[in-house]
Each structure stands twice: as structure tokens, then as C-alpha cells.
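In: predicted model and sequence follow; I will ask about them next.
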Amino acid sequence: MFGAFRPTNALMGGLLWKIPWRLSRFQKYRQRQRLRRVDRVVETISNALAQQGMVSKAVETWKAEMPTEAEMLPRDKYTIFDKKHKGYRKGIHKLPKWTRVSQRINPIGF
Amino acid sequence: MSFFKVTLIRSSIGMPQKKVGVLKALGLRKRMRTVFHKITPATAGQLMKVKELIALSTTDKKLTRREIHEKRQPPCGFVVEKSRFLRSEESPSS
């Protein structure tokens, strides 16, 4: 899996300097880790408030609207809706600052 | 009394001005800076704004910057069993 002979896009497909249309499996792995980290932060806030007997609107709204990493479909983890793209989906790595923003749900009907 | 222990692990460079402002209000100016905040709905709201950029846990004790720094120090690798200077204090006549 690791080392000089691992099957990455650059090694299997030759030259790779443009931004590929899909994520590599290593990017996908890191994306899942990031999603889980955000889930953990929200969980920590929610638990801490619950212990003090308090609620926060921001936390409740997030928990009601957003799926956790485990609940999300692969389609939603690695791609986003785009009205200008064929099939209305494009890779999430086309989203500006995609490693530091939360993008989990689709527009209604998509 | 318990606190949120917040560490900034992703930089705010290029983030919207509102998020940068929230980080500033939380006292997170640089990456890897750790701050402690009371557990209130107000702080929770602030943390929710920057949840992608931080690592979060809860603690009972609020540490100062110096205490955090000292915790990070590696062990010096030796133990002083008896100091020359301490010995002279014990028996000043010798």
C-alpha cells in the first residue's frame, strides 16, 4: 500500500499536474477525517452544554439539518451540486477553501 | 466549573471576515494557540462559527499560557540528586 510502488494516480497514469476531475483515495480519506473532526467538535459542544443544562440554537439547528459523516452518502462527501456541470455534480475539491468549509447537503430536488 | 479548551489548528487565512473576527474574539490569533472559555450558549455559538478550524475538548481546570508551555517541554534527561549550592546552604560552617 505504501512505498515506491503504491498505485497512485501519478504513478499509474503518468503525468499528473492538472487538477483531476475526481479526488484520489487519499484525498477522500482525508476528507472523511475532516468531516469526522467537525462532527466531534459539534458533539463536544452539545455534550458540554447538555451537562450544564443549556441549549444553543446554533448547535440544535446544525444537528437537525446536517447529517454526520456516517450518515452521508459517498456522493455528498466527495462531490457537490453545480448547475453548470453535466449531471449537476462536480468534485468537492473544486469548491474554494474546500478543506476548511462545511458542505454537506444538496439543494432541494438534487 | 468546566471550560472549553479550544485550539486553532487550521489557519484563518482567506476565510470570510466574519470568521476571522470570531477567532479574534475567541483570542485565537495564530495556529496552535490554545484558549479556555466558559461553557455558555454564547461561546457555543462562537465555536460553531469556526468549527472547521478548531480542535475542542472540555476541561475542569483553566491553564495559563506558561503552564501550557511547560507541559509541552520534553524531560531534561537528568535528575539533580544533590546540588553543590544546596549542600553549602545546609552546612555553611564547612
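Out: That came in fine, so what should we check first?
In: which helix or strand contains the spatially most central residue of chain A?
Out: Nearest to the mean C-alpha position of chain A, counting by CA atoms, centre = their mean, stands residue A:77 at 4.2 Å. Assigned by DSSP states H and E, residue A:77 falls within helix A:74-78.
In: tell me the helix or strand right after that helix.
Out: Following helix A:74-78 toward the C-terminus (DSSP H and E): strand A:79-81.
In: what average pLDDT does that following strand get?
Out: Averaging the model's pLDDT scores along strand A:79-81 yields 96.
In: what is it packed up against?
Out: With contacts defined as 3 or more CB pairs under 8 Å, 6 or more residues apart in numbering or on different chains; DSSP states H and E, strand A:79-81 has these neighbours: strand A:89-91. Every C-beta, even on glycine, is put in place using the N, C-alpha and C of the backbone.
In: how about the spatially most central residue of chain B, phi and psi?
Out: Centroid-nearest residue in chain B: residue B:34, 4.0 Å away (criterion: CA atoms, centre = their mean). Torsion angles at residue B:34 (phi, psi; degrees, to the nearest 10) stand at phi -110, psi 130.
In: from residue A:25, how far off is the residue lying closest to it once chain neighbours are set aside?
Out: Nearest residue to residue B:34, sequence neighbours excluded (CB to CB, 6 or more residues apart in numbering or on different chains): residue B:7, at 4.6 Å. To residue A:25, residue B:7 is 29 Å away according to CB to CB, to the nearest Å.
In: what do you get for residue A:66?
Out: In terms of CB to CB, residue A:66 sits 24 Å off from residue A:25.
In: so which of the two has more stuff around it?
Out: residue A:66 (15 against 11; other CB atoms under 10 Å in any protein chain shown).
In: where's the residue nearest to the more buried one when sequence neighbours are not counted, which helix or strand?
Out: Excluding its sequence neighbours, the residue lying closest to residue A:66 (CB to CB, 6+ apart) is residue A:104, at 5.1 Å. Following DSSP H and E, one finds residue A:104 outside all helices and strands.
In: would you check that residue A:104 makes contact with residue A:68?
Out: No. If you go by CB atoms under 8 Å, residue A:104 and residue A:68 don't touch, sitting 9.1 Å apart.
In: for residue A:102, helix, strand, or coil?
Out: For residue A:102, the assignment made with DSSP: H, G, I helix; E, B strand; the rest coil gives coil.
In: contacting residues for it?
Out: Contact partners of residue A:102, counting by CB atoms under 8 Å, 6 or more residues apart in numbering or on different chains, are A:38, A:66, B:51, B:52.
In: spatially nearest residue to the residue nearest to the centre of chain A, not counting backbone neighbours?
Out: Leaving aside its chain neighbours, residue A:77 sits nearest to residue A:31 (6.2 Å; criterion: CB to CB, 6+ apart).
In: what is the burial count for the one you found?
Out: Residues near residue A:31, counting by other CB under 10 Å: 18.
In: go on, the one 5 residues further on?
Out: For residue A:36, the tally of surrounding residues (other CB under 10 Å) stands at 13.
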